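# Structure for this input, please:
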Amino acid sequence: MIVDAHVHPARLATLKLPWDTWLGPAADADAVAALYGPDGALVPERFDALFEAEGVDRALLFCEYSPRVTGIQAIEDMRPLLEHNPERFRVVANVNPHLHYPVDAEVRRQLDLGAVALKVHPVHGNFAPNDRELYPAYAECQARGIPVITHTGPSSFPGASGRRGDPVLMDDVLRDFPDLTVVLAHGGRGWSYETAGFMALARPNLWLDIAGLPPKRLPHYFERFELARIAAKWIFGTDWPGIPGVAANIKAVADLGLPPAVLDAVLGGNAERVYRLS
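Purely as a prediction, here's the structure:
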């Protein structure tokens with residue numbers, strides 16, 4: 001099974017960023033634009049066909065409530081995609097303590113709509129991931145066995161707060177919620193690969209999502225670690241649409257020379273286990 005565990009569909013009417021900024025320089029702008037209808041929403045049949053053609057069996061679709069940076073991509077906007085192909089697509093919840101109160105009530109609402117994980121985006125939301133306001137959300141996820149994903153590293157988007165992406169901030173959360181499964185999105189991107197890597201190897205319930213990282217650069221980013229050992233904690237994701245292509249990234253990960261069992265885990269097995277996708 002191939003899992004793209006980090007995908008950002010967006011409804012254009014609620015996207016705060018300019019189109020070119022949101023896509024980034026690596027994306028195929030024409031190919032992405034062709035997936036949209038005249039109403040600025042993704043056409044489910046086209047979106048599904050793209051991921052089928054790219055060889056993806058499951059894809060996790062991230063909603064986001066970050067009005068100061070990217071805008072609001074509500075969980076309800078994902079429903080047409082999920083309803084079109086509920087086997088391929090799953091949704092990831094998102095809460096922002098500046099918008100949602102009480103946060104645990106909003107987490108319950110989104111989980112009841114079918115979310116398989118909770119994402120917090122401290123860099124776009126300008127809050128610390130260990131803020132005690134988020135603890136009721138973490139408690140809800142721990143009680144339900146739902147993993148929590150947090151953005152790590154900076155963001156180039158205007159209005160983002162890079163210091164909020166320090167992965168060590170999650171150490172408090174891991175201490176206070178020892179049974180919570182946590183995924184560090186982007187693996188500590190920027191200046192925190194080493195911190196994120198050491199944290200992942202130290203805890204069985206901590207994982208590294210490698211979305212948005214050029215696969216051929218992964219050995220360099222994690223050069224302090226034995227590659228196969230640290231790769232065993234990776235979860236493949238692309239950060240679509242800001243990439244040249246999903247299949248190209250899959251091939252680039254396969255070309256790293258990882259042991260077959262580790263490669264299978266990176267490309268799908270770890271995500272299947274963490275997000276319970278079977």
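# Over to residue 254: give its phi and psi.
Per-residue torsions, residue 254: phi -60, psi -30 (degrees, to the nearest 10).
# What distance do you get for it to residue 226?
Noted for residue 254: a distance of 19 Å to residue 226, by CB to CB, to the nearest Å. Every residue, glycine included, has its C-beta placed from N, CA and C.
# Pull up the distance across stretch 266-278, start to finish.
Terminal residues of stretch 266-278 are spaced 16 Å apart (CA to CA, to the nearest Å).
# Please list the residues outside it that contact it.
If you take CB atoms under 8 Å, 6 or more residues apart in numbering as the criterion, stretch 266-278 is touched by 1-3, 5, 57-58, 60, 90, 116-117, 145, 147, 181, 183, 207, 210, 231-237, 250, 253-254, 258.
# Can you say which of these are buried?
Using 16 or more other CB atoms under 10 Å as the burial test, those include 2-3, 5, 57-58, 60, 90, 116-117, 147, 181, 183, 207, 210, 231-237, 250, 253, 258 as buried.
# Next step: the residues you listed restricted to strands.
Assignment to strands by DSSP state E places the following of the buried ones among the contacts of stretch 266-278 there: 3, 5, 58, 60, 90, 183, 207, 234-235.
# Of all pairs in the residues you listed, which one is the farthest apart?
Within those, 90 and 234 form the most distant pair, 19.0 Å apart (CB to CB).
# Verify the contact between residue 160 and residue 123 for me.
Yes: with contact defined as CB atoms under 8 Å, residue 160 reaches residue 123; the gap is 5.0 Å.
# Which neighbours do these two have in common?
residue 154.
# Who has more neighbours out of those two?
residue 123 (27 against 21; other CB atoms under 10 Å).
# so what's that one up against?
151, 153-155, 160-162, 164-165.
# nearest to residue 66, of those residues?
For the contacts of residue 123, the nearest to residue 66 is residue 160 (8.9 Å; CB to CB).
# where do the strands sit along this structure?
Counting by DSSP E, the strands of the chain are 3-7, 58-62, 64-66, 71-73, 89-94, 118-120, 148-151, 182-185, 206-209, 234-235.
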